[in-house]
Each structure stands twice: as structure tokens, then as C-alpha cells.
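In: compute the structure for the input listed below.
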Amino acid sequence: MIAAVVRSLRPRQWTKNLLVAAAPLAAGKLFEAPVWWQTLVAFIAFCALSGAVYLVNDAVDVESDRAHPRKRLRPIAAGELPVRTALVVAAVLGFAAIAAGTAVTWRLGLLLVTYAALQVAYSLWLKHEPVLDLAVVSVGFLMRAVSGGLAAGLPLSGFFLMVAGFGSLFMVAGKRYSELHSLGNEAGTRPSLVRYTPSYLRFVWSIAATSTALAYCLWAFQQANDDIPWQSISIVPFVLGLLRYAVDIDLGRAAEPEDVILSDRGLQAIGLVWFVLVSLGVLGG
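Out: Numbers count the residues shown, from 1 in each chain. Have a look, this model is predicted:
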């Protein structure tokens with residue numbers, strides 16, 4: 001039972017919660033006290049809350065998951081975890097996450113409550129509405145990026161929010177495109193894919209990628225100082241990272257973004273170079 005619960009929480013997908021460190025890193029405050037522990041609490045809270053959301057989503061989708069070639073192996077769909085037990089665990093995790101976030105600041109607590117409400121609405125209804133489902137999942141990523149700034153009381157620039165927002169849409173549209181690509185004729189097993197076409201999703205993630213790159217350039221040029229412009233130089237690996245990820249999307253491999261991040265060594269190398277350049281910029285600035 002415990003193993004089934006842990007699997008249902010999808011620990012591999014917690015990598016996306018590292019987005020909570022984006023705002024403190026961009027501000028050059030990530031390794032300062034108390035910012036680092038406030039960011040850590042936000043990360044743990046999102047891991048717990050997103051795990052609770054996965055449990056609720058799997059409980060709602062139990063029948064459709066059983067018709068899916070891969071998702072039928074999830075513990076709830078496979079009958080390894082009772083729906084009632086899953087919902088109880090979700091409630092406990094959700095309450096603990098919101099309580100922890102509120103203990104840091106009421107703004108983070110409010111964000112977590114809003115995230116939970118939005119995700120429950122997504123599980124029950126919004127996931128079946130074209131465009132709205134893309135928007136809701138993208139907002140979920142954006143909330144992660146914003147939460148680090150709220151937890152530490154850091155200002156968030158407009159360009160930072162644009163990068164986070166369009167970057168989120170790029171990943172989500174790419175995820176849907178890969179799902180449609182990999183399922184093919186079985187796409188009907190996922191209602192959210194029925195009203196999408198590959199050409200439309202390609203259009204969305206192409207626009208999102210372009211907007212993300214443009215917004216990042218504006219942010220990087222805004223951060224430039226009189227010394228070596230590390231942030232401006234970081235534009236190169238950032239754009240290369242987008243292009244590398246787009247390869248995985250186009251091949252239908254990005255249905256689970258965390259799998260791409262954890263398995264694509266080239267993307268990891270590009271990400272490391274980008275991280276070093278940005279760190280040099282914010283620490284030097």
C-alpha cells in the first residue's frame with residue numbers, strides 16, 4: 001500500500017517543482033539566509049501539493065486510465081490503491097502543504113490554495129476543454145516559478161513572468177503534441193486530445209518558444225552590467241536548450257517533460273552551461 005501511494009505521488013515529476021528556485025536565482029539571492037530555506041519550504045510544499053493533485057486526478061480518471069496503454073499501470077487504475085485511500089492521503093498532503101506555505105508567508109499559502117483549487121477544477125472539468133486545459137497547466141508551472149519570489153518576498157520583473165509564462169506554455173503544448181504523436185489512433189482514450197490536431201499544437205508550441213526566447217533576451221539585456229554581460233551570454237545556451245527540447249517534442253518524446261530532463265544528456269549539458277552563466281551574472285552583479 002505504501003509503495004502504491006509513493007508511486008501515485010510520481011516523485012519523478014517533482015523535478016518541475018525546482019522552478020520555485022527560478023525567482024531567487026534570477027535575483028541573486030538563492031543562497032542567502034533566509035531565502036534558501038524559504039525556497040526549500042516552497043519546494044517541499046509544491047511536492048506535497050502536486051502529489052495530492054496527482055492522487056485526485058488519478059482517482060477521477062480511473063476508468064479512462066484503464067483504457068490507456070501506459071496509464072493503466074498506475075496504482076489506482078491497476079487496483080493496487082483504493083480510490084478512498086488515495087483521496088484521504090491527498091487531503092492530508094494538501095492540508096500539510098498549505099499549512100507549511102502559510103507558515104512562511106500568507107501570500108505563499110494563498111498561492112497554494114489557488115493552485116489546489118485550480119487543479120481540482122482541471123481534474124473535474126477544465127481538462128476536457130481545448131485551450132483552457134493548456135492554460136491551466138501552464139498557469140500551474142507559472143505558479144511554481146512565482147512561489148519562490150513570494151516565499152522570499154522578492155520582486156518579480158515583468159520579463160521574468162513572461163519567460164516563465166510562455167516557457168510553461170511551450171512545455172505544455174509540447175507535452176500534448178507528444179501525447180497525440182505517441183497515442184496515434186488511441187488518442188480517443190484521452191478526451192483532452194480529441195479536439196486537437198498535430199498542426200495546431202505545433203503552431204502553439206512554436207509561438208510559445210519564440211515568445212519565450214524573445215522575453216528571455218529582454219530580461220537578459222535588462223540585467224546586463226558594465227562588467228562581463230554574463231546574462232546576455234546566457235542567451236545562447238538558453239535558446240539552444242529550447243531548440244534541443246523542441247527536437248524531443250517533434251519526435252513525440254516529451255509526453256513526460258521530467259523524462260526528457262532526466263534522460264537527455266545533451267539537454268543537461270546545455271542546462272548546466274546556462275546555469276553557470278546565469279549564476280556568474282547574478283553573483284557578479
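
In: same question for the helix or strand where Ala208 lies, mean pLDDT?
Out: Element membership for Ala208 (DSSP states H and E) is helix 198-223. Taken as a whole, helix 198-223 has a mean pLDDT of 91.

In: give the next helix or strand downstream of it.
Out: helix 230-233.

In: who touches that next one?
Out: Residues outside helix 230-233 that contact it (Cβ atoms under 8 Å, 6 or more residues apart in numbering): Trp219, Ala220, Phe221, Gln223, Ala224, Leu277, Val278, Leu280, Gly281, Val282, Gly284. Yep, even glycine has a C-beta here, placed from its N, CA and C like the rest.

In: pick the one among the residues you listed closest to Ala4.
Out: Val278 (39.4 Å; Cβ to Cβ).

In: I figured that closest one hits Ala26, correct?
Out: Yes. Judged on Cβ atoms under 8 Å, Val278 makes contact with Ala26 at a distance of 7.5 Å.

In: of the two, who's got more company?
Out: When Val278 and Ala26 are compared for neighbours, Ala26 comes out ahead with 25 against 21, by other Cβ atoms under 10 Å.

In: residues in contact with that one?
Out: Ser157, Phe160, Trp219, Val278, Val282.

In: and the helix or strand of the chain with the lowest mean pLDDT, which residues are buried?
Out: Between all helices and strands in the chain, the lowest mean by mean pLDDT, DSSP states H and E belongs to helix 62-66, at a mean of 76. By 16 or more other Cβ atoms under 10 Å, the buried positions in helix 62-66 come out as Val62, Asp65, Arg66.

In: got the buried residues for whichever strand or helix holds Leu240?
Out: Secondary structure from DSSP H and E places Leu240 in helix 235-250. Using 16+ other Cβ under 10 Å as the burial criterion, the residues of helix 235-250 that qualify are Ile235, Pro237, Phe238, Val239, Leu240, Gly241, Leu242, Arg244, Tyr245, Ala246, Asp248, Ile249.

In: from the rest of the structure, what touches the next helix or strand after it?
Out: On the C-terminal side of helix 235-250, the closest following helix or strand by DSSP H and E is helix 257-263. If you take Cβ under 8 Å, 6+ apart as the criterion, helix 257-263 is touched by 12-16, 171, 174-175, 245, 248, 253-254, 267-268, 271.

In: what do you get if the cut-off is 10 Å, keeping everything else the same?
Out: 10-16, 18, 141, 171-172, 174-175, 178, 244-245, 247-249, 253-254, 256, 267-268, 271 (Cβ atoms under 10 Å, 6 or more residues apart in numbering).

In: and Leu9, what does it touch?
Out: Cys47, Ala48, Ser50, Gly51, Ala52, Val53, Tyr54, Leu55, Pro75, Val89, Ala90, Leu93.

In: repeat the analysis, applying 7 Å as the threshold.
Out: Gly51, Tyr54 (Cβ atoms under 7 Å, 6 or more residues apart in numbering).

In: and it, what pLDDT?
Out: Looking at Leu9, the pLDDT reads 87.

In: one step back: now do the helix holding Leu240 against helix 198-223, angle only.
Out: Here helix 235-250 runs at an angle of 170 degrees relative to helix 198-223 (axes from the mean of the first three to the mean of the last three Cα atoms, to 10 degrees).

In: how far does helix 235-250 sit from its chain's centre?
Out: 17 Å (Cα atoms, centre = their mean, to the nearest Å).

In: packing partners for that helix?
Out: Helix 235-250 is packed against helix 158-183, helix 198-223, helix 265-284, with contacts defined by 3 or more Cβ pairs under 7 Å, 6 or more residues apart in numbering; DSSP states H and E.

In: what about Leu277, distance to Val35?
Out: Distance of Leu277 to Val35, computed by Cβ to Cβ, to the nearest Å: 21 Å.
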